[in-house]
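Participant: Using only what follows, build the 3D model:
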Amino acid sequence: MTLSQRWFLLGILVTTGGLVYLLSPILAPFLVAMILAYLGDPVADRLEAYGWSRTGAVVGVFAVMTLILLAVLLIVIPLLGVQLKYLVTNLPDWIRGLEQYLMPRLKAYLGADAEQWQLSSVVASLKESWQGIGNLLLGGVQSVSRSGLAFAGWLANLVLIPVVAFYLLRDWDILMAKLSDLLPLNLQPVVGKLALECDEVLGAFLKGQMVVMICLGLIYSVGLWWVGLKLALVIGLLAGLASIVPYMGFILGIGAALIAGLFQFDGYLPLLLIGAVFMVGQLLEGMVLTPMLVGDRIGLHPVAVIFAIMAGGQLFGFTGILLALPVGAVIVVLLRHLHDHYRQSHLYHADTHERTNEN
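Facilitator: Residues are numbered from 1 along each chain as shown. Sure thing, here's the model as predicted:
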């Protein structure tokens, strides 16, 4: 890479970062559409290999996505609403029961005054919050209804995502080829190699981990439903979504399920069964799902995933969260190559070269 090419690349990076920062309020639907197109491109390519036209393959992918979305809307959301209503109704009573059970023991063993914890005020605040949720949502809907511009903007974003995703998916291979042709000729082999590695890391994470999350959500939800837990779907979906970071879904899910089970069940057998459900899910994730769907190609440490998501949200809001993992995958690949170059450079072997010259 020549000096002028380095300055040109630096200028592109700075300009791109500035545009993302300035345009972040409107970039979210386009980024969501890009993610959908990226996830759907391998399926469309496979359908093309079977003789489908590109447009027909894209229509087929979108038809499957639409059916999945309708199934979620018609089946999952009503059940989720019933369980959330149960949670909202009973959570203040659960906190009060926890206060009556826990506070005397804290006072006996730690000498802590129950009044210092002020759980009663927490319960009162939660009640006010639960009562205000409905009013807030109703007020938000009424506000959106009164503001034609806000409603139009929300509707435009909702319609924009599938439209942009359709055209991106249809022309994805053409766009990638044109971007490759824009690179300087001397950089195309190296950048092409880096791009393939980035695609492997990002694809392994997004495509594989999303399937793992869905499978774990189903396993936890069905298992907790079999145990008889009333919040099975809520906790199962929460654990599945949180499993984007290894072990976080297991920790959050089993903690929430055991707390809910303590208030719902009288004996200890259901609690043991809840623990068994999460142990089975964890074993399936570690021994079957992750090796089969993700493999060892990801290269993104759980701490790096957490940091990337938090840093992206802090810098660019929701747009930064969407960009966090793709940018993190690129940084991981670049750091890997920088590490290899450093191990081969005179900076790493300085003493060896000096001793060789002295001899």
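Participant: The stretch 251-359 of the chain: helices as residue ranges?
Facilitator: 269-284, 290-293, 302-316, 318-344, 350-358 (DSSP state H, counting those that start in this stretch).
Participant: for the stretch 51-200 of the chain, same thing?
Facilitator: 54-71, 77-110, 114-117, 119-146, 148-170, 172-182, 188-203.
Participant: and the last one, what other elements does it pack with?
Facilitator: Other helices and strands packing on helix 188-203, by 3 or more Cβ pairs under 8 Å, 6 or more residues apart in numbering; DSSP states H and E, are helix 172-182, helix 318-344. Using the backbone N, CA and C atoms, a C-beta is placed for each residue, glycine as well.
Participant: Could I get the contacting residues of the nearest residue to residue 55 once chain neighbours are set aside?
Facilitator: By the measure of Cβ to Cβ, 6 or more residues apart in numbering, the closest residue to residue 55 outside its immediate chain neighbours is residue 170, 6.1 Å from it. Contact analysis of residue 170 by Cβ atoms under 8 Å, 6 or more residues apart in numbering lists 54-55, 58.
Participant: rewinding a little: out of the helices of the stretch 251-359 of the chain, which is closest to residue 35?
Facilitator: Of all those, helix 318-344 sits nearest to residue 35, with 7.0 Å by Cβ to Cβ.
Participant: tell me the SS of the residue nearest the centre of the chain?
Facilitator: For the chain, the residue nearest the mean C-alpha position is residue 244 (5.8 Å; Cα atoms, centre = their mean). Following DSSP: H, G, I helix; E, B strand; the rest coil, residue 244 is assigned to coil.
Participant: how close does the residue nearest to residue 55 get to residue 205?
Facilitator: 25 Å (Cβ to Cβ, to the nearest Å).
Participant: what's the burial count for residue 229?
Facilitator: 26 (other Cβ atoms under 10 Å).
Participant: picking that back up, can you say which of the helices of the stretch 251-359 of the chain is nearest to residue 30?
Facilitator: Proximity to residue 30, assessed across the helices of the stretch 251-359 of the chain by Cβ to Cβ, is greatest for helix 318-344 (9.3 Å).
Participant: chain center to the closest one, what's the gap?
Facilitator: Computed by Cα atoms, centre = their mean, to the nearest Å, the chain-centroid distance of helix 318-344 equals 18 Å.
Participant: And for stretch 251-270?
Facilitator: 26 Å.
Participant: So for it, what gets flagged as buried?
Facilitator: Within stretch 251-270, the residues that count as buried by 16 or more other Cβ atoms under 10 Å are 252-254, 256-258, 260-262, 264-265, 270.
Participant: and those residues as TSV, adding distance to residue 9 and pLDDT?
Facilitator: Formatted as TSV, those follow (distance: Cβ to Cβ, whole Å; pLDDT from 0 to 100):
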residue	distance to residue 9	pLDDT
252	41	87
253	44	89
254	47	91
256	47	86
257	50	88
258	52	88
260	53	84
261	56	86
262	57	81
264	59	82
265	61	83
270	59	88
